[in-house]
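**Student:** fold the following.
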Amino acid sequence: MPGFLPEPLRMLVTSPAILDFTPDGPLPYALRQKFTGKPPPVTPDLSLASRTVLVTGATSGVGLEAARQLAQLGPRLLILGARDMNKAEQIKSELERNTPHLTVQAAELDLESLSSVDCFVDELSANSIRLDLALLNAGFFGHDDRITKDGYSPLFQVNFLSTAYLALRLLPLLHTMAPPPPTSTVYQGPTPPGPRLVLVTSEAHAWTTFPDAPGPTDNHTLPILSVFRDKNTLGSADDQYARAKLLLALFGKELSRRLTAAENDTTVVITTPGFCASNFFPNGMMTRLIQFTSARSAQQGGALHVFAATAQGPEIHGAYLRDGKPTRLSKFAQSPQGQTLQQRLWGEMEEFLIQRGSSPLQI
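**Tutor:** Below you'll find the model as predicted:
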């Protein structure tokens, strides 16, 4: 029966956490989508003037709405990282037409290709572009058994590996000296201080755990990442998506902790827009009906992204924002097993960077 259900209903009813009635569970998640998730309104004088902003996955859905709303805040340069350059050029024209004095740059970025990530970052570096805000929104969901040319499941590569790799490669372009964060509660000031990296995860991260991966061997120096290279260990599309988003959340937590320890001024925020009406899931009559009855609007999702990109306060760095509020990650993420996974994952990403020819991290 589940095979005949449309997404995201199938993801909900087949989740191992279906009987979890805490806020982490699939059913409470579904019930609150339509009636929560409205972020505080943007402060009228909030400005991104003189700032350079990057948004990935900005050609449709929540990413497009976030780009539109960020454009209204007046950044000096808005960069759209996109796989489909025709769509990106159309969005560039729309944003420049509707927003006076805004410069938009469309740049090719295909997260199914690690080489594309390298080319994207290398081009930014060659043009001496320093980023003030990177909103890594691009995501993917689909039922197929493809393997990317890099040897990974595309669900894993797009939703975790390439996104995390991009984040690490962008760090040198984000690091600047900025005023220390304020000590008051969360607010949106006139100009957000310091560079910021926003990682977009999903509430589905709370509906999964992670198998105990073996330690590194001569054949598998990256055992956690290698789970997503073998079709025998991939699991279903729903499993892959949830686990990729879990890994991204753990990666963000560890990155924020290490940046703090290194006295790096970059703020890291982990956020989720919730279930929004968009083309993220395969289209169909039942999917559209579910979106109509249960989903937030793409505009709401975009506003939650903008809040994650601009909200200030000591609790924002390293926070996981759900419904626009700092919230704990899943019970598994906070468990001893989750914390061990977080440390091992970081070690694998450091090794992965070195294998890709990048310098070792200094954090």
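**Student:** mind checking the SS state of Leu225?
**Tutor:** Here Leu225 is helix, with the state taken from DSSP: H, G, I helix; E, B strand; the rest coil.
**Student:** within the helices and strands, which one has the residue nearest to it when sequence neighbours are not counted?
**Tutor:** Closest residue to Leu225 apart from its sequence neighbours, by C-beta to C-beta, 6 or more residues apart in numbering: Glu348 at 5.7 Å. Yep, even glycine has a C-beta here, placed from its N, CA and C like the rest. When elements are assigned from DSSP states H and E, Glu348 belongs to helix 336-355.
**Student:** next one: stretch 88-97 to chain centre, how far?
**Tutor:** Centroid separation for stretch 88-97 versus its chain: 23 Å, with C-alpha atoms, centre = their mean, to the nearest Å.
**Student:** my error: substitute stretch 137-154 in the last question.
**Tutor:** That offset, for stretch 137-154, works out to 16 Å (C-alpha atoms, centre = their mean).
**Student:** if we can go back for a sec, just the buried positions in the helix holding Glu348, please.
**Tutor:** Residues of helix 336-355 classed as buried by neighbour count (16 or more other C-beta atoms under 10 Å): Gly338, Leu341, Gln342, Arg344, Leu345, Trp346, Glu348, Met349, Phe352, Leu353.
**Student:** now, which of those sits nearest Gln72?
**Tutor:** Met349 (34.8 Å; C-beta to C-beta).
**Student:** number of residues surrounding the residue nearest to that closest one when sequence neighbours are not counted?
**Tutor:** Spatially, and ignoring its direct neighbours in sequence, Met349 is nearest to Ala164 (6.0 Å; C-beta to C-beta, 6+ apart). Other residues near Ala164 come to 24 when the count uses other C-beta atoms under 10 Å.
**Student:** which helices and strands does the helix or strand harbouring Ala164 pack with?
**Tutor:** Taking DSSP H and E as the criterion, Ala164 maps to helix 162-174. Helix 162-174 is packed against strand 52-56, helix 114-126, strand 133-136, strand 196-200, helix 237-261, helix 336-355, with contacts defined by 3 or more C-beta pairs under 8 Å, 6 or more residues apart in numbering; DSSP states H and E.
**Student:** format those as a markdown table; extra columns: distance to Leu78.
**Tutor:** As requested, these are exported to a markdown table (distance: least, C-beta to C-beta, whole Å):
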| stretch | distance to Leu78 |
| --- | --- |
| strand 52-56 | 5 |
| helix 114-126 | 13 |
| strand 133-136 | 10 |
| strand 196-200 | 14 |
| helix 237-261 | 23 |
| helix 336-355 | 28 |
